[in-house]
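K.L.:
Let's see this in three dimensions:
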Amino acid sequence: MGPKSTAPPGLTSFLKILNKNENKHDTNAHIELFISLLSRRQIRNSRSVAIATAELLLRIIAVYKWQDLNQLITHIKEVGNRLMAAQPRELAVGNIVRRVLGLIREEYEGDSKAGNISVYSDPGLDSITGRKRGESTSVLFSNLQPLPDGGEAGPLKPQMARSTTFAHQGAQFMSMFSLLSHPSSSGPFIPPATLHSSAPPIPTQSTTTATTATTEPPPPPGPTHDMKPGIIEGLQEILDELLTVDDQIASYSLDHIHSNEIILIYGSSLTVQKFLLKAASKRTFTVIVAEGFPNDHEATHARVMGPDPIDDDDTLDEVSQEQFQKSLAQAGISVILIPDAAVYAIMSRVNKVILGTHAVLANGGLLAVAGARTIAKAARDHSTPVVVVSGVYKLSPMYPYNWEALVEVGDPGKVVPWEALGEIGEAGGEKVVSVLNPVFDYVPAELVDLYVTNLGGHAPSFLYRVVGDHYRNEDINLGV
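P.N.:
All right, here's what the predicted structure looks like:
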């Protein structure tokens, strides 16, 4: 009997290792394994990297024991920095880490507003005010939060978009609505500038007396609430989103694809394929496919002409394979496969260009398969709309100040065979030819007309709002 076959290193094998009961507490080994897989590019593609990152953080949070919020956030940031350092061009790692940090903060805020969580684990500190027990608390500041470095709590700066409120929200200041509803109130008027200043108001005898008279005593601290179940439930929702994001995007296909249209696609994006298959159920149209030589042409031929082999990084074993293996031609779509050099000549006949993406940046630009920028420029010259389909998990809050650093360079042997490269690459013992094979292209925002995500359609100029809804300002920079 032959030796037992083992699964090749990849997403499926990594998830199997995470799910083993005997290894579930050894999170450091899981982190090192994931770093190794990222560095060797054995787990690649945004969706596979995002799933692996979310599963790893789920295991870490499930077994990690923390004393306060800062300790948990600092640990997650440290893990995230290690993962991003292993593969800086996989922006999906940082996206998932930031969403998990935002999930932790939102869970904490919800519990703190409900009054059922102890803010500080130090018994010498009061769980409501954050001050040492016995100190004067005549004036309560309602914007106290622990510093990111774990220091003593201080006043929250007003320029932060969102804040975590720890202190009791008392009626310390009288607003215009309060004056109209309580005309007999004798509290002193405090100008609005005082409310928005970065420094806390200086307590005087009059303000102290008014605060004591109008503010009810803070409620007693509630029992310590375990945040783990809520955080784990939120992580499960993120994982469910990653598994269903393509179907959610495909549900908008009938709004953007119409009958008798000629659509140009580029590469072998699974999201684009499902987008077209969904529209083909009720629309009749023609698809022109540019092959994407030299990095993507084999996968493109497979997706267009017949059942494509399921890569470990494309999907999970428990997901149905039938829909993935259904090619465009088998679905009844008229498909024309063209070389990349014919794109400009055929663009005048095209009604719409649909592109997949590797990552979407906050300014509306994107990283896509090498050659996508050329196609987008050709579409702009012919006034052909460019539609990009992408899950929200690919949307990064980073800006492309140095977009060339985000472009990955692949195997030059795919451009020029190694045998020919050896013959022409050296002359007289000196290197005379340098061959570069970029894997991705950066497409600027001005070449894109519409983004279709699992949340609907968005203009490139609107993506900053989507970034603000999914990432917290304090988590944009993951420095610990």
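K.L.:
remind me which residues of this protein are low pLDDT?
P.N.:
Counting by pLDDT under 70, the chain has low-confidence residues at 1-7, 21-24, 111-225, 296-326, 420-432, 480.
K.L.:
Show me where it has its strands.
P.N.:
Listed in chain order, the strands of the chain (DSSP state E) span 144-145, 154-155, 262-266, 286-290, 334-338, 352-355, 359-360, 366-369, 386-389, 426-427, 430-431, 440-443, 450-453, 456-458.
K.L.:
Just the CA coordinates for the fourth one, please, in CSV.
P.N.:
Listed next in CSV are the C-alpha coordinates belonging to strand 286-290 (Å, rounded to 0.1, in the frame of the first residue of the first chain):
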residue,chain,number,x,y,z
THR,A,286,-22.2,38.5,-26.8
VAL,A,287,-19.0,38.4,-24.8
ILE,A,288,-15.6,39.2,-26.2
VAL,A,289,-12.8,37.8,-24.1
ALA,A,290,-9.2,39.1,-24.2
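K.L.:
So which residues make contact with that strand?
P.N.:
For strand 286-290, contacts defined as Cβ atoms under 8 Å, 6 or more residues apart in numbering pick out 261-267, 276, 300, 304, 328, 333-340, 342-343, 346, 350, 371, 375. (C-beta placed from N, C-alpha, C; glycine too.)
K.L.:
Would you mark the buried spots in stretch 451-458?
P.N.:
Tyr451, Val452, Thr453, Asn454, Leu455, His458 (16 or more other Cβ atoms under 10 Å).
K.L.:
And for stretch 340-356?
P.N.:
Buried-residue list, stretch 340-356, by 16+ other Cβ under 10 Å: Asp340, Val343, Ile346, Met347, Val350, Lys352, Val353, Ile354, Leu355, Gly356.
K.L.:
same deal with stretch 76-95?
P.N.:
Within stretch 76-95, judged by 16+ other Cβ under 10 Å, the buried ones are 76-77, 79-81, 83-84, 86-87, 89-95.
K.L.:
and which of the residues you listed is nearest to Ala405?
P.N.:
Taking Cβ to Cβ as the measure, Ala405 lies nearest Arg89 of these, at 8.2 Å.
K.L.:
What distance do you get for the nearest residue to that closest one once chain neighbours are set aside to Gly365?
P.N.:
Excluding the flanking residues, the one nearest Arg89 by Cβ to Cβ, 6 or more residues apart in numbering is Glu408, at 5.1 Å. According to Cβ to Cβ, to the nearest Å, Glu408 stands 16 Å off from Gly365.
K.L.:
Between the two, which has more neighbouring residues?
P.N.:
Gly365 (24 against 18; other Cβ atoms under 10 Å).
K.L.:
pretty sure the residue nearest to Arg89 is touching Asn437, no?
P.N.:
No - using Cβ atoms under 8 Å, Glu408 is not in contact with Asn437, being 9.7 Å away.
K.L.:
Using TSV, lay out the buried residues of stretch 451-458 together with distance to Ser396.
P.N.:
Converted to TSV, these look like this (distance: Cβ to Cβ, whole Å):
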residue	distance to Ser396
Tyr451	13
Val452	18
Thr453	13
Asn454	16
Leu455	16
His458	15
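K.L.:
for the residues you listed, which one is nearest Val443?
P.N.:
Scanning those for proximity to Val443, where the rule is Cβ to Cβ, the winner is Tyr451, at 11.6 Å.
K.L.:
show me the residues around the closest one that make contact.
P.N.:
Val360, Gly364, Val387, Val388, Val389, Ser390, Gly457, His458, Ala459, Pro460, Leu463.
K.L.:
and if you look at Gly356?
P.N.:
Tyr266, Gly267, Ser269, Leu270, Thr271, Val272, Ala368, Val369, Val388, Val389, Ser390.
K.L.:
7 Å instead, please
P.N.:
By Cβ atoms under 7 Å, 6 or more residues apart in numbering, Gly356 lies in contact with Gly267, Ser269, Thr271, Val272, Ala368, Val389.
K.L.:
May I ask which of the residues you listed has the most neighbours?
P.N.:
Val272 leads the contacts of Gly356 on contacts (other Cβ under 10 Å) with 28 neighbours.
K.L.:
any idea how far Arg105 is from the closest residue to Val272 other than its chain neighbours?
P.N.:
Excluding the flanking residues, the one nearest Val272 by Cβ to Cβ, 6+ apart is Gly356, at 4.7 Å. Using Cβ to Cβ, one gets 32 Å for the distance from Gly356 to Arg105.
K.L.:
again, but for Thr12
P.N.:
32 Å.
K.L.:
ok, so of the contacts of Tyr451, who is nearest Asp240?
P.N.:
Once Cβ to Cβ is applied, the member of these that ends up nearest Asp240 is Ser390, at 18.1 Å.
K.L.:
Give me the neighbour count for the closest one.
P.N.:
Ser390 has 26 nearby residues by other Cβ under 10 Å.
K.L.:
and the nearest residue to it once chain neighbours are set aside, what does it touch?
P.N.:
Distances taken as Cβ to Cβ, 6+ apart put Thr357 closest to Ser390, at 4.5 Å, once the chain neighbours are dropped. Shown in contact with Thr357 (Cβ under 7 Å, 6+ apart): Leu366, Leu367, Ala368, Val388, Ser390, Lys394.
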